[in-house]
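K.L.:
Build me a model:
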Amino acid sequence: MKSTLTDLILTFFLEDKLIMSNSDHVKNSMKAKIEEIHKQTPINTVIIDIADVDFIDSTGVGVFISIYKFLAERQISFKLVHPKDIVNKVLTITKLGNIIEIEV
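P.N.:
Numbers count the residues shown, from 1 in each chain. A predicted model of the protein is given here:
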């Protein structure tokens, strides 16, 4: 998974599907990368760009909730950006936007 750090904003770029078979790997990889960078450089915001995610299931939604809690403990803001229509539909049905900022 690609990531960039610019002006204290860490952005992850997810691709393909976020489903049960890869959700733990994605979640743990992001948390490890956040910890690694945050030890060296303060991070104000984490953005997950999901423009290239074609499908998400409930475990994928769980990844975003887990990352949100992880970041809230560290007082780091969080948002999801650029969901495709099918992914945004899942995020809307689950009301994830009530917890996490989602920028279409």
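K.L.:
Can you mark which positions in the lengthiest strand in the chain are buried?
P.N.:
Using DSSP state E to define each element, the chain has its longest strand at strand 45-56. If you call a residue buried by 16 or more other C-beta atoms under 10 Å, then strand 45-56 has these buried ones: 46-50, 53, 56. All C-beta spots, glycine's among them, are computed from the backbone N, C-alpha and C.
K.L.:
Which other helices and strands does it contact?
P.N.:
Helices and strands touching strand 45-56, by 3 or more C-beta pairs under 8 Å, 6 or more residues apart in numbering; DSSP states H and E, are strand 9-18, helix 58-73, strand 77-81, helix 85-93.
K.L.:
tell me which residues form a beta bridge with the most centrally placed residue in the chain?
P.N.:
With distances taken as C-alpha atoms, centre = their mean, Ile48 lies nearest the centre of the chain, 4.0 Å away. Applying DSSP bridges to Ile48 gives these bridge partners: Phe12, Leu80.
K.L.:
and Lys31, which of the helices and strands packed on strand 45-56 is closest to it?
P.N.:
For Lys31, the closest of those is helix 58-73, at 5.7 Å, according to C-beta to C-beta.
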